[in-house]
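Novice: I'll drop the sequence and a predicted model, then ask my questions.
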Amino acid sequence: MDRLPDLTISGMGKTAGGRFSDVDISGLGKVSGDLEAERIVISGKGTIEGNVVLSKRMEISGMGTITGGVIGGDITSSGTGSIEGAADIGYLESSGNIKIGGEAKVRELYCNGRCRFEKSLKAEKVSSRGLLSVGADVEAEDFNSQGSFSVNGLLNANRLEIVIHGYCQAREIGGEEIRVTSGKYISASILAKLINPFLGSGRELDRLTVEQIEGTNVSVEYTSAKVVRGNRVKIGPECTIELVEYTDSIEVDPRAVVKSQTKL
């Protein structure tokens, strides 16, 4: 089988879409139409006006914009990436800034910069040490955050490990094993200065804010919640909880405030 041709734009250029082996945009380039490729590298400013089918990987170190969706392959971004449509990909790692406008399905997500999902996110594994923003629900097998996150819907995973750094918020959290601890974060740090302008009224740094938490084994600290519900519940220091409902056991730190607790 013959190898597909390569596409290279190193200056200013515009070309139609199509099927290629390697696509390299190191200048100011635009691809008008759907694109199918094994490998895409954008180190300049590249725009793909259409959908992308990726068999291997995409690397963004410059500014890359896809006006459609992306299917297949892996994406790494150390620059600024924008996918305006949906994404169904394998591995996504960002140490820069990436945005996905449609529904996102990712096998593994590693967010070390700023990752913004305007709709829902489904993943097997989520590991975030940066700023993670999701406009709807998050569904994962494993969710690990040691940065800041905002989830406007339900954050649901079998195992959730949250180390609070900066601003952490979700509407609801559910899972089998839920553990929330303080990262002993200093609010005057560089990350806090970046986050502060985006905080609305009533939002607090250095704690988790959530309406409801429900799981089998739940251990939280530095958390504000209306309801915490679980089989075995541990409420740690600096928590403010309106209602705790438990079936097996409960432990409340003397530095926590629990207004009401009920054994089910």
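Specialist: Here it is on my side, so go on.
Novice: which SSE is E251 in?
Specialist: E251 belongs to strand 240-252 when assigned by DSSP states H and E.
Novice: give me the contact list for that strand.
Specialist: Contacting residues not belonging to strand 240-252 are listed as 223-235, 256-264 [Cβ atoms under 8 Å, 6 or more residues apart in numbering]. From N, CA and C alone the C-beta is placed, and that goes for glycine too.
Novice: tell me the angle of the helix or strand following it relative to strand 240-252?
Specialist: Downstream of strand 240-252, the next assigned helix or strand under DSSP H and E is strand 257-263. Strand 257-263 runs at 60 degrees relative to strand 240-252, counting by axes from the mean of the first three to the mean of the last three Cα atoms, to 10 degrees.
Novice: can you name every helix or strand that strand 257-263 contacts?
Specialist: Judged by 3 or more Cβ pairs under 8 Å, 6 or more residues apart in numbering; DSSP states H and E, the packing partners of strand 257-263 are strand 240-252.
Novice: buried residues in the strand it packs on?
Specialist: T240, I241, V244, E245, Y246, I250, V252 (16 or more other Cβ atoms under 10 Å).
Novice: same question for stretch 101-114.
Specialist: For stretch 101-114, the neighbour count (16+ other Cβ under 10 Å) marks 101-106, 108-114 as buried.
Novice: tell me the mean pLDDT for that stretch?
Specialist: Stretch 101-114 comes out with an average pLDDT of 96.
Novice: residues in contact with that stretch?
Specialist: Contact with stretch 101-114 is made by 69, 77-78, 82-98, 115, 117-133, 147, as judged by Cβ under 8 Å, 6+ apart.
Novice: which stretches of the stretch 101-250 of the chain aren't confidently modelled?
Specialist: Counting by pLDDT under 70, the stretch 101-250 of the chain contains low-confidence residues at 184-204.
Novice: and the strands in the stretch 101-250 of the chain?
Specialist: 104-111, 114-117, 121-128, 131-134, 138-145, 148-164, 167-182, 207-220, 223-235, 240-252 (DSSP state E, counting those that start in this stretch).
Novice: how far does the first one sit from its chain's centre?
Specialist: In this view, strand 104-111 has its centroid 8 Å away from the chain centroid, taken as Cα atoms, centre = their mean, to the nearest Å.
Novice: before we move on, what about the fifth one?
Specialist: Taking the mean of its C-alpha atoms, strand 138-145 sits 9 Å from the chain's own mean (Cα atoms, centre = their mean).
Novice: who does that strand pair up with?
Specialist: Here strand 138-145 is paired, per DSSP bridges, with strand 121-128 (parallel), strand 148-164 (parallel).
Novice: redo those as TSV? Include mean neighbour count and distance to V138.
Specialist: Below are the strands paired with strand 138-145 laid out as TSV (neighbours: other Cβ atoms under 10 Å; distance: least, Cβ to Cβ, whole Å):
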stretch	mean neighbour count	distance to V138
strand 121-128	21	5
strand 148-164	21	5
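Novice: could you dump those to TSV with distance to I178?
Specialist: TSV is the format used below for the strands paired with strand 138-145 (distance: least, Cβ to Cβ, whole Å):
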stretch	distance to I178
strand 121-128	14
strand 148-164	5
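Novice: my guess is G68 contacts A87. True?
Specialist: No: the pair G68 / A87 is not scored as a contact, 10.2 Å apart, by Cβ atoms under 8 Å.
Novice: noted, bye for now.
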